[in-house]
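> Just to be clear, the model below is a prediction. Sequence and coordinates:
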Amino acid sequence: MKLIILDRDGVINEDSDDYIKSPDEWVPIPGSLEAIAKLNEAGYQVVVATNQSGIGRGMFDVETLAAMHEKMRRLLAVHGGRVDAVFFCPHAPGQRCGCRKPAPGLFEEIARRYGADLGGVPAVGDSLRDIEAAQAVGAQPMLVRTGKGGRTLAAGKLPADVPIFDDLAQVAETLVSSGAEA
């Protein structure tokens, strides 16, 4: 099984410092939906692991999050793509859960559900916390410059061995053309 784990905001859809709080605010990054379809076509199961602290902060509820993900699935289907599962942390930062990235809980749950060792599995994010969560389980972190990726690079704390890509489309092209398997 080929598996890839994607962060959502800033990787698949446009991000906002004010949070993505509704389906109307959920806007795909150009090329991201086609990139997911390309990954699917190459045999990848695409899984999303996303912090959604807007729920814990009272900005939106789980039903609204489900509506955002339904929009994502509907738009993906137009391009022949799909996300196989979405794992999310609903907690605010102060709630001290084990699932909020950089904690590895979401990744550990993915490993349990898929019965998979995440060693070497590509994990694409736009923030240091995405990279740290992936590293904690032995996945292969990849940073995109979209979303908060530019800020993450400018902070200068990214481990030297983390590959950097312009966007998810470049990640998909690289993985598919290299025939890389997780």
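Good, I have the coordinates. Residues are numbered from 1 along each chain as shown.
> quick one: contacts for the spatially most central residue of the chain?
By Cα atoms, centre = their mean, the chain has its centre lying nearest to D7, at 1.4 Å. By Cβ atoms under 8 Å, 6 or more residues apart in numbering, the residues touching D7 are V48, A49, T50, K101, V124, G125, D126, S127, D130, G147. C-beta: built from backbone N, CA, C; applies to glycine.
> Could you rerun that using 7 Å?
Neighbour list for D7: A49, T50, V124, G125, D126, D130 [criterion: Cβ atoms under 7 Å, 6 or more residues apart in numbering].
> packing partners for whichever strand or helix holds Q45?
Secondary structure from DSSP states H and E places Q45 in strand 44-51. Judged by 3 or more Cβ pairs under 7 Å, 6 or more residues apart in numbering; DSSP states H and E, strand 44-51 is in contact with strand 2-6, helix 32-41, strand 85-89, helix 105-114.
> Relative to the whole chain's centre, how far out is stretch 30-42?
13 Å (Cα atoms, centre = their mean, to the nearest Å).
> Buried ones in it, by neighbour count?
G31, S32, L33, E34, A35, I36, A37, K38, L39, N40, A42 (16 or more other Cβ atoms under 10 Å).
> buried set for the longest helix seen in the chain?
Ranked by residue count, the top helix of the chain under DSSP state H comes out as helix 62-78. Buried residues in helix 62-78, counted by 16+ other Cβ under 10 Å: T64, L65, A67, M68, H69, K71, M72, L75, L76.
> which residue sits closest to the first one in space, ignoring its chain neighbours?
This means T64. S22 (6.2 Å; Cβ to Cβ, 6 or more residues apart in numbering).
> right, and that neighbour touches L65 too?
No. S22 is beyond contact range of L65, at 9.9 Å (criterion: Cβ atoms under 7 Å).
> Which residue is the nearest non-sequential neighbour of the residue nearest to the centre of the chain?
In space, D7 is closest to G125, 4.0 Å off (Cβ to Cβ, 6+ apart).
> My read is that L168 contacts V11, right?
Yes. Counting by Cβ under 7 Å, L168 does reach V11; the two are 5.7 Å apart.
> what do the two both touch?
V124, V144.
> before we move on, back to that, helix or strand next in line after the strand holding Q45, which one?
Per DSSP H and E, the first helix or strand lying C-terminal to strand 44-51 is helix 53-56.
> Let me see the residues that make contact with that next one.
So helix 53-56 is contacted by Y19, K21, F60, D61, V62, L65, P90, H91, A92, P93, Q95 (Cβ under 7 Å, 6+ apart).
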